[in-house]
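Undergrad: Quick one, what's the 3D model for this:
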Amino acid sequence: MRQAAKIDANQAEVVKALRRCGVSVRIIKQPVDLLLCHRGITSLMEVKNSDGRDQLTKEQIYFIAIWPGKVHVIHTPEEAISAVLGK
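TA: A predicted model of the protein is given here:
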């Protein structure tokens, strides 16, 4: 049986920062953490802890490899903003 997805400690910070920048954010948990839309462009985001000890699961690696759209893997709110807004 699959365990519940673990929520990274910095996810709330990342979501808050993205929303302040006008990004629509939906927490989806699987296969990655977030569904995003900014200026009509939809992307996905996986949030990892900023200490770098947290790794992608095998399932996430596979999903990212086959998904035809954008999937950002970030560790900080600043990385998240940069990934979506290009700043």
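Undergrad: And what about the residue lying closest to residue 79 once chain neighbours are set aside, helix, strand or coil?
TA: Nearest non-adjacent residue to residue 79, counting by CB to CB, 6 or more residues apart in numbering: residue 72, 8.0 Å away. The way it works is simple: take the backbone N, C-alpha and C, and place the C-beta from them, glycine included. Assigned with DSSP: H, G, I helix; E, B strand; the rest coil, residue 72 falls in the strand class.
Undergrad: For residue 72, grab the count of nearby residues.
TA: By other CB atoms under 10 Å, the residues close to residue 72 number 18.
Undergrad: Could you confirm residue 13 falls within a strand?
TA: No - read with three-state DSSP, residue 13 is helix and lies in no strand.
Undergrad: Who are the contact partners of the closest residue to it other than its chain neighbours?
TA: With sequence-adjacent residues excluded and distances taken as CB to CB, 6+ apart, residue 13 is closest to residue 77, at 5.2 Å. By CB atoms under 8 Å, 6 or more residues apart in numbering, the contact list for residue 77 reads 10, 13-14, 16-18.
Undergrad: Return the distance of the residue nearest the centre of the chain relative to residue 36.
TA: For the chain, the residue nearest the mean C-alpha position is residue 45 (2.3 Å; CA atoms, centre = their mean). Distance check for residue 45 against residue 36: by CB to CB, to the nearest Å, it reads 6 Å.
Undergrad: before we move on, the earlier item: in a markdown table, list the contacts of residue 77 along with neighbour count, distance to residue 86 and pLDDT.
TA: Below are those laid out as a markdown table (neighbours: other CB atoms under 10 Å; distance: CB to CB, whole Å; pLDDT from 0 to 100):
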| residue | neighbour count | distance to residue 86 | pLDDT |
| --- | --- | --- | --- |
| 10 | 20 | 21 | 90 |
| 13 | 15 | 20 | 95 |
| 14 | 24 | 17 | 97 |
| 16 | 11 | 20 | 97 |
| 17 | 18 | 15 | 97 |
| 18 | 23 | 13 | 98 |
